[in-house]
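Enquirer: Predicted model, plus sequence, below.
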Amino acid sequence: MIKSIHTTLKLSLTCLILFTWFPSCQDLTEEPLGLSTPESFYNTTAQCEAAFAASMNALFSTWGGYQNPLGLPDGQQYGSSLDYEPNSFNDFWSWHFKAITNINAVIKAVKSNSLAGNPTSVINDIEGQAKFLRAFNYFYLVRYYGKIPYIDEETPDLISNPLTPESRLEIASVYDKIEADLTFAAANLNDYNPSTHGKPNRWIAKALLAKVYLTRATAPLNQKDNYAKARDLADDVIKNGPYDLLPNVEDIFKTANRGNSEILFAFQSSYAAETGSEYMPGNVWAPSEMDGWSGGGVIPTWLDNFPEQPRRASYVLENWTADIYDPSAPIINWSESSDGTPYTGKYNMPNLTFDEQVGGGPSGIEIPILRLADVYLMYAEAANMAGSGPTQLAVDRINVIIERANGGPGGPGTEALATLSMSQADFDKKVIDERNFELCFEGDRYFDVLRKRLLQEVNLPDNAQGYDENDYFLPIPPFDAEKIGQNPGY
Amino acid sequence: MLKKAPNCLNIFFVLVFIFNDQPIRADSKFADLKVTFEEAKIITGKVLDANNEPLIGATVLEKGTSNGVVTDIDGKFSISVDNNSSALMISYVGYVSQEVDISSSNTVEVVMLSDATTLNEVTVIGYGSVRKSDLSGSVSSVKGTDLRELPTQRVDQALQGRAAGVSVQNTDGSPGGSTIIRIRGGNSVNGGNNALVVVDGLQGVDISTINPNDIEAVEVLKDASATAIYGARGANGVIIVMTKRGSAAKPVISYNFSGGSQTLAKKLDLLSPADFARKANAFAATQNGTPAAPIVPIIPFTESQISALANGGGTDWQDELYRSGSLYNHQLSITGGNNQARYYVSGGMVDQQGIVINSQYKRYNLRSNLDLKVNDWLSGGFNLNVIKAKGNVPPVGEGTRFGDILGQVINTVARFDPVTPVYNEAGGYNFRALRGGPDGSKIYADPDVWNPVATALETKSERNSIINEVSTFLDFKILEGLTFRVTGSAAVNNSDNLNYYSSKTQPGRGAPGTGNLSEDKYQFYQNSNILTYNTTIRSNHKVSLTGVAEQQLNLGKGSFISANGFFNDLTGINDFGGASNIGDKSNYDTKTVLNSFLGRVNYAYADKYLLTVSARADGSSVFGANNKWGYFPSAAVAWRITEEGFLKDSKTISNLKLRASWGKTGNQAIQPYQTLGTVGSGFNYAYNGDGSFNIGYALARPGNPDLKWETTAQSNLGVDLGFFNERLTAAVDFYRKVTSDLLLNATVEAYTGFTSKLANVGSIQNEGMELSIGATPIAGGSFTWNTNIVTSFNRSKVLELSDGASFIDIRTNTGGGYNIWRGGNNSLKQLRVGEPVNQMIGYEVLGTWGTDEAEEARKYGQAPGSIKFKDVDGDGRITRGADGQQVIGNSDPNVIFGWNNSLTYKGFGLNFLLQGSYGNEIFNAVRIRLDSPAYGTGANLNNAWTPDNQNTNVPGFYYTSQEINMMQLGPSRTADATGGADNRWSNYVEDGSYVRLKNITLSYNLPSSLLSKIKVPKLSVNVSGANLLTFTNYTGYDPEVSSFNLRSAGGDGIDLSNYPSSKTIMFGLNVSF
C-alpha cells in the first residue's frame, strides 16, 4: 500500500517535471542585445541621418565609388571605350541600389511613426532628406540604365520576393516618381544652414529638380515642355537662393575654400584621418610623378578645344613637377610624363597643399554634384530652348561664367562671349560646350553627352570602336538581368 | 509552486528537497537480513588477476542474492553469507565472471581471467548504455588507461591512432595548442567540423581541457544510428567521455608524477653562415647591369669574412630560438566510499616550458565526482570540474593579429640572415639583417624580416582561462525496469587574452607598441530528463525504451579592444591610459537556446536480431523563423549470426555480427542572430560637410528566415568478427555521408542592396572504410601481448556549391611574400564541384630549363636555369587562368593508421603506438622564401641550377644580368607565375606520408614483497617517450601540419610555420595507498 502511494507520487512528479518544466523555460525567439535590426533602428533623427550617411558611403568612400575616375566614355577621360561587355559598369547599379535600400528603410520606419514625438517640421525634414536622396539615386540610375525597377518603401522584401521583368518602369514613369520625391523635398526640407552646408536643403532639391526637368526635355524623352519648368526653377535658385558665384575662377577648387558659396551639393569627405573617417586621398586623380595612381588622365584631343584662359590652368593639369618629393625637380609637360596624357587639374596641386596631395592621406577634396555655375548654365540652356532663342538673361548668365573663365572683364582669356543674336541652335551648342569645360571632371559631362546624343561624336576619332545606339544605356548586371531582363544589345 | 518557479535549477532543488523529505522506511529486506544473521558464516578471500596483482573493487556476491561486498586495495574481501550458501559470484569489468564454490572452505583465492571477449561489457551511448553485444551502431571504444600512455597530458592528442575513423592532427605544437579532430572526414565548409564532446552527459566540452587521468573510458560515436540521438549537434560525430567514479571500498590514494624534457623534433635544413655568404656573393656577382650600362657588382662578403663565418661565426637562429623545454605533471586522487556514498576526487597540475623561448603553459585541475544512494529508489550524484590554465606563446602560425608574417617567430627563424648576430655591440637587438660590401650598404638578405629572438622575447601573448563545470543528477527507480534521470549541468568559462607587441617587435615598431585585450565569458546550462524502460517479454523479446526532454542554454559575452602608441613599453597594454590611439573595438552578447525531445527504441529478439530506432526533434533559437525545428531520425539493424544454431557452438568463431544503419544528423552551424537582418556601423561619411565624419549605419545583411541546420545523411554497413573466444577480433565498417544544405554565401541580386546572403546551398560527400583488428597473440603464463591495429580510408567530394558555382576559394594567406591566395579561382585551396575537398590548385613545375632547351625557354622569355612550368594549353605563355589551374596535390591521406601494442612480463610492461598516414600531400609554403635565389636561406640553394647541375627544381643564379641581356630573351611570358605574383607551384608540394613512434612506455611494478617492507601497497615507475621516431620524406618541421582553417573545410595541408612538434622523454612514478 505504502509502496503504491510512493509509486504514484513518483510517477506524478515525473509527469509534472516533463510537462510543466518543459518547454516553458526558454523561448526560441531571438532578441539580440548587441545588434540593431531594421525594426529596432531609425527611431531618432540621428539614426535616420546615420542611414543617409551610409547611403552616401555606398557612393563615396575611401578609394571607393565616385572617388575614382569612372572610365565613362564622355570624351574627357583617357582610357574609356565603347566596347561594352555585360559586366561593364555594373558597380554603378550596386552602389545606387545599396544607397536606395538604406533610404527606403528610413522612409518605411518614419511612415510607421518611428519618429513620433518630434515636431512635424523635423519629421518632414527627415522625410525630405530621404526623398531627395532617393530621387538623386534614381536620377543616376534612370540615366545610366533606362527602364529600371523602382523600389520604394512599399516594395515587399526583395530577398524572398524576386523581381520580374514587369517591375521595370517606363522611363517617364521613373521621372514622375523622381519629380514627386523632389517636389516633396523642395517643399519640406529645411532652409540653407551654413554649419551643415553638406546636407540636402530645399534649394538643393530645387536645383536638382531643375536638372531633372532639363534632362526630361532632352533625349531620350524629349518632352520639351519641361524646359520652361527647368528655367523657372533655376531662376528661383539663382535669384532667391543663398548661393553666390565666386569671383575668381582659381578659387573654386582650392581645398581651403571647401564648402564655398558656389557649392550646392557635393561628395563630401573628412579632412582628418581619424579612425573611422572616410576621406578622399589626394593622389587618386594624380599623375605618377605626383605620387598618383595614374587614374586621372585626360584625352589630349579634348584639351585641344579648351579655350586659352585662366580657367584652363586651374581645371586642367598640363605641366607638372618631374618628382613631387624633390623641390628641385624640373617642371615637365604632360607629353614628357610617364603616363603621357594631360591630367585633371581640379583635384590636384595647386588646388591642394603639398601635404594634401601626397601620401594617400585625407585631402579634403569635395567633388561637386551641383554647383551654382551649373545652375547658371542650366538656366541659359532652358531659357533658350523654352522659347525661340536666347534671351538677354540667358546671354547674361552664360557670359558671367565665360567672363570669369577669361579672368574677369578685360582678362587674358580668349573665349568669345555669347550674344543675343545667336540662333537657338548655336546658343544651345555654346551652352553645352561651356558646360563641357566649366563642369569638367565633375561627373556631369557624360549625362550631357547622353541627353544631347553626342556619344559617338565625342569619342571620335580613337574611342568610338564598337559604338551603336544601344550604348546609350549601360548593361544591367547579368545576375540581376536573369530576373528582370537585359537592356538591348548586351 | 512548481508551475510558478521560473528557473529550472530551482525546481531541481525543490525536487531534491521533496524526495529527501520522505522518511526512510525500514525495508523488508533489511528485516530479513536481521533474522538470518544468526545463521551466517563469514567467507574471506582474495581476488587476483593473471599477473597475481590484486584486483581492487571486484564485486563479490552471495549467489542468488543481492548480498555483496567489493574487494579492497589488497584484493581482499570478507562477506557474511547464509550458512546454506554454496557459491559466490565474483565479477569485475573486463574479466570473466566466476562462480566460486564455498561449500567446503571459508577462505578462497580467485584468479580472474581477462575477458578478452568484452562482449558483455557495457558501452555508453547517447543518453544511456547497452551491452556491447547489443550495439547496432558504429562505436569505437578507447580505455582511459590507453589515453594515459601519451605523456603530454592531452586527451585530444592521446586519441590519435586509437580509434578507427578518427583522425587527429597535432597541427600546433605549442603548449596548450590545438588539434584538428575529424570523425570520418569533414562535412561542413563554414559550419565547423569538430566533433561534439560529451563528458558525463555535459555536452559541448572543449576536449583539450579534460584531464586524461580522470578518464575511465572514451566512446566515439560514428554512424548515424549512434549520433542521430544528438540531432542538430551530432553531424560531426560524438566523443563521449566517462570520468572515473568512486567504488564502495576503503579509500585509495594515488599519486602520479611525471616529468621530463622536450626538444625540437627536427631542425630545418638551412644554409650554414659561410654557405649563405658564398651564395650571397654568387648572387651579387650576377648583378652586373647590361652590356650597354655595365655595373660593377658589389660583393657583400670578403674571403676573410667567409672563413671567419666558416670557423664558428654567424648565428644559428634555430639554436637561438629553440630550447630544451620541460614538462612536469603532478596528479593526486582519492577514491572510495560505501554503499551510501562513493567519491572520486582528483587534483593536478601541469607545468610546461615550451621549446620556443618565452612559451609556457600551466594548468591546474580539480575534479570531484560524488555518488549518493539515498534509498533503494533514489540515488544521485554531483560532478565538479574546475580548470585554470595560463599560457604564453609568441606569435606563430598565421602570424600576428596584425596579419604580417614578418613578425612571426617560426617563419622568421628560418628566413633570417644567418650572418647577422642576435645582438649588436651595444647590446641591443639587430632588428633586421645587417648589410655588407665595402661601405656596409649592400643588401644581401631579406631586408624586411624581423629578428625572431626579439619577436619571441618582446611579445607578450597571454592566454588565461578558467573552466567551471558542474553537473548534478538524480536517478529515480520508479518501477522495475523503469528509471528516470534528471540532470542539471552548467559550464561557466572565462577567458582573457592579452597581446602586446612592444616597440622592439615588427608590428609594434613604429606605433610604438601595439596590443589588444579581450575577455570572453561563456555560460552553458543543460537540463536533461531521461526516462528509460527496460523489459524482457516472454524471455526472447528484449525491449529498451528511452525518452528524453532536454534544454540547453548558451550565453556568450565578450569584448575586445586594441590600442597602439604606448608611452611606456614596460607597462604596455597593462596601462591603457598610456596609449595614444585606440584601434578596433568590439563586443558581443549572445544567447542560444536549444530545446529537444528525443526517443529511442532498442529491440532484440533472442539476442540474434537487433533493431534500434531513434528520433530527435531540436528546436533552436539560431535557426530562421520558418525553420525553428529540425528532425533527425535514424534506424539500425544487426544480426548476430553466432547466436544462430549453426554457429552457436563453433569453437573458432566466437562472434559474427552484421550491422546496417541509416540516419540524419545536423550541424547547427548558424551563429546566433545570423538569420536576422541587421543594421550595422562602419559606413561613415562626411554628411554634414563640416570636415569631420558622421556615423553611418547601413543595412549590413539581409534576414533569412529560412536558414536552417546543415543535414548529414549517413549510411553504414559493418561486420564485427571474433575468433577463438575473442582472442582475435575485427570490425569493418563502410560508410557514406552526404551533407546537404551547406551554409554558404549565395549571391543575391544587386537591386536588393546586398551582395550576398547566407543560405543553405551546396553539398559534400564523404565515403570510406574503417578496419580495426585486435588480438592477443600471447596470453597466459607470465608473458602477454595485446595488439590492435586501426586503419581508416576516407574520400571526400564536393557535390554542389551555391548557385551552380563551380568553385569556392578558401582564403589561406596573410601576406609576407607568400602569394598563394588571390581569389577568383586563383587560390591554392579551392572547393571544386566533383572534386575532393582538400586538393591544391596551381602551376605544374616540370623542372628547370636545361642548356639544351635554351631555344624553347627563349620562347617564354626565360634563360636556362629558370623554372619550367607546364604550358597546359600550349599557347606559348604561362597564364593564371589556363595554366595555373592544375591539381597539384591533395592534403587528404589515402589511409591513416595506428598500431598499438602492449606487452607485459611479470612486473614489466611495454606499450608502444605506431601511427601515421599515407598519401597526403603538404604545400610547404615556407620554402617559397627559403628557396628564393636572392635572399633565400634554405639548404636547397646548394642544389640550385648550374650547367653542371641541371636536374633540379631549384632555379639558378648562374648567368649574369649581362649574359641574360645578350640572350635577347624578350619579355617574360611566365609573368603570372614568377616575379612573386603567384607562388602556387607544384615543386613546393611534398609527400606528407609518415610513420611515427607516437609513444613508447616502459613500466615496472615493484613487487609486493619489496613494497610490503616500505608499507606501500603499490608502486610503479615508468619511462616514456613521445614522437621519438618519425619516418617521413617531408622536409618541413613536421608532416602533421596545417596552418589554416582549423574549424572549417579546405584549409588543411599548408605549412606556413606553425609551432613545431617536439620529442618528449619523461620519467614517471605512480604510488597508491
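Expert: Structure's in. What do you need?
Enquirer: need the residues of the stretch 301-450 of chain A near chain B, please.
Expert: By the rule Cβ under 8 Å from any Cβ of the partner chain, the part of the stretch 301-450 of chain A lying against chain B is A:364, A:366. From N, CA and C alone the C-beta is placed, and that goes for glycine too.
Enquirer: Mind jotting down where the helices sit in the stretch 301-450 of chain A?
Expert: Ranges of helices in the stretch 301-450 of chain A, per DSSP state H, counting those that start in this stretch, are A:310-315, A:354-357, A:372-386, A:392-405, A:424-438, A:445-451.
Enquirer: same deal with the stretch 101-250 of chain B?
Expert: Along the stretch 101-250 of chain B, the segments classed as helices by DSSP H, counting those that start in this stretch run B:144-147, B:155-158, B:224-227.
Enquirer: and of those, who's closest to chain A?
Expert: Within these, the stretch nearest chain A is helix B:224-227; the backing value is 23.0 Å (Cβ to the nearest Cβ).
Enquirer: re the thing from before, just so I know, which of the helices of the stretch 301-450 of chain A lies nearest B:P297?
Expert: Set against B:P297 and scored by Cβ to Cβ, the helices of the stretch 301-450 of chain A come closest in helix A:354-357, at 38.3 Å.
Enquirer: Give me the number of neighbouring residues for B:S133.
Expert: With neighbours defined by other Cβ atoms under 10 Å in any protein chain shown, the count for B:S133 comes to 21.
Enquirer: shouldn't it be in contact with B:D607?
Expert: Yes - B:S133 is within contact range of B:D607, at 7.2 Å (criterion: Cβ atoms under 8 Å).
Enquirer: okay, and the common contacts of those two?
Expert: Counting by Cβ atoms under 8 Å, 6 or more residues apart in numbering or on different chains, the residues touching both B:S133 and B:D607 are B:R640.
Enquirer: quick one: average pLDDT of the helix or strand B:A636 falls within?
Expert: Here B:A636, judged by DSSP states H and E, is contained in strand B:629-640. Per-residue pLDDT over strand B:629-640 has a mean of 96.
Enquirer: Quick check: buried residues in that strand?
Expert: For strand B:629-640, the neighbour count (16 or more other Cβ atoms under 10 Å in any protein chain shown) marks B:630, B:632-640 as buried.
Enquirer: ok, now which ones touch B:V189?
Expert: B:742-744, B:762, B:764, B:808, B:831, B:1048-1050.
Enquirer: Need the worst-confidence member of these.
Expert: Per-residue pLDDT puts B:S1048 lowest of the contacts of B:V189, at 67.
Enquirer: Please report phi then psi for residue 148.
Expert: By default, I'm working from chain A. Main-chain torsions, A:I148, degrees, to the nearest 10: phi -130, psi 160.
Enquirer: Make a markdown table from the helices of the stretch 101-250 of chain B and add mean neighbour count and mean pLDDT to it.
Expert: Shown next, in a markdown table, are the helices of the stretch 101-250 of chain B (neighbours: other Cβ atoms under 10 Å in any protein chain shown; pLDDT from 0 to 100):
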| stretch | mean neighbour count | mean pLDDT |
| --- | --- | --- |
| helix B:144-147 | 19 | 84 |
| helix B:155-158 | 24 | 86 |
| helix B:224-227 | 32 | 92 |
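Enquirer: Among those, which comes closest to B:Y818?
Expert: Here helix B:155-158 is closest among the helices of the stretch 101-250 of chain B (Cβ to Cβ), at 28.1 Å.
Enquirer: one step back: quick one: the buried residues of strand B:629-640 as a markdown table, columns for distance to A:Q26 too.
Expert: As requested, the buried residues of strand B:629-640 are exported to a markdown table (distance: Cβ to Cβ, whole Å):
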| residue | distance to A:Q26 |
| --- | --- |
| B:G630 | 17 |
| B:F632 | 20 |
| B:P633 | 25 |
| B:S634 | 26 |
| B:A635 | 30 |
| B:A636 | 32 |
| B:V637 | 37 |
| B:A638 | 38 |
| B:W639 | 43 |
| B:R640 | 43 |
